[in-house]
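A.B. asks: My questions concern the predicted model and sequence given below.
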Amino acid sequence: MLKKLLVASFVVAAFSQSPVQAAGTLVGQVGVQMVIGAGCTIINGSVAGGINQWGTLDFGTYADLTNVVDAQAVGTSGNIQIQCSTGLTPVLQVNAGLHASGGQRYMQNSTTTSSTIAYNLYSDAARSALIQANTPVDISSVSTGTAVNIPLYGRVVPTGQATPTPAAGTYIDTLLVTLAW
């Protein structure tokens, strides 16, 4: 009898361990969000080697410096522009460049580094508002939320040069432009 009881207990235990079949549905929520913060972006710039390249101020090719030479900074596909969130009042500053001396910006001959060409930056096309190094440039029209041109105009004048016929070559400088908000 004990044997029958053990077998019966074993059979009951075996069938009670069968997998449980259940049907059901779970419903939950997943929140979705995105935060748009106030900020600015540069239009027509590019990135090279992890560094923002906003554009070029190219004075062109000349045989001498006997005349005034003007240039305007341009981006990869047109004018360099700033677009900021509406109501934001950013500050734009330009440093003195790599080759500045005594408050004057200079381009340096990339081959004969002793030869330089002095140039100035302006925030208006008439070239009457000189941009001093690390001094805020007026970009108040940016606060409307629409894209506006970055006002960077250059001028080389004959009177500011060591010689009207500098050594032949490519003259370069690099300006660090900072946009803060």
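C.D. replies: Yep, that arrived. Numbers count the residues shown, from 1 in each chain.

A.B. asks: I'd like to know which elements the helix or strand encompassing Met107 is packed against.
C.D. replies: Per DSSP states H and E, Met107 falls inside strand 105-109. Applying 3 or more Cβ pairs under 8 Å, 6 or more residues apart in numbering; DSSP states H and E, we find strand 105-109 packed against strand 116-122, strand 171-172. All C-beta spots, glycine's among them, are computed from the backbone N, C-alpha and C.

A.B. asks: ok, now which ones touch the spatially most central residue of the chain?
C.D. replies: When Cα atoms, centre = their mean is applied to the chain, the residue found nearest the centroid is Asn52 (4.5 Å). The contact partners of Asn52, by Cβ atoms under 8 Å, 6 or more residues apart in numbering, come to Ile42, Gly45, Ser46.

A.B. asks: now the angle from the strand holding Met107 to strand 116-122?
C.D. replies: For strand 105-109 against strand 116-122, the angle by axes from the mean of the first three to the mean of the last three Cα atoms, to 10 degrees is 140 degrees.

A.B. asks: Indicate each strand paired with strand 105-109 and its parallel or antiparallel sense.
C.D. replies: strand 116-122 (antiparallel), strand 171-172 (antiparallel) (DSSP bridges).

A.B. asks: Which residue ranges of this protein form strands?
C.D. replies: Assignment of strands within the chain using DSSP state E yields the ranges 40-43, 46-48, 51-53, 69-72, 74-75, 78-79, 81-84, 91-94, 105-109, 116-122, 148-149, 153-156, 171-172, 177-180.

A.B. asks: Packing partners of the second one?
C.D. replies: For strand 46-48, the contact count by 3+ Cβ pairs under 8 Å, 6+ apart identifies strand 51-53 as packing neighbours.

A.B. asks: quick one on the thing from earlier: how near is the residue nearest to the centre of the chain to Gly154?
C.D. replies: Distance, Asn52 to Gly154, using Cβ to Cβ, to the nearest Å: 20 Å.

A.B. asks: between the strands of the chain, which gets nearest to Thr165?
C.D. replies: Thr165 lies closest to strand 116-122 among the strands of the chain, at 11.1 Å (Cβ to Cβ).

A.B. asks: who touches the closest one?
C.D. replies: With contact meaning Cβ under 8 Å, 6+ apart, strand 116-122 is reached by 57, 59, 65, 94, 99, 104-109, 127-131, 151-157, 160-162, 166, 171, 173, 175.

A.B. asks: now swap in stretch 70-83 and tell me
C.D. replies: 40-46, 53-60, 90, 92, 125, 127, 139, 142, 145-150, 152-155, 179.

A.B. asks: Now do that stretch, average pLDDT.
C.D. replies: The average pLDDT within stretch 70-83 is 94.

A.B. asks: Any figure for the gap between Ala71 and Tyr153?
C.D. replies: 7 Å.

A.B. asks: Now the common contact residues for the two.
C.D. replies: By Cβ under 8 Å, 6+ apart, Ala71 and Tyr153 have no common neighbours.
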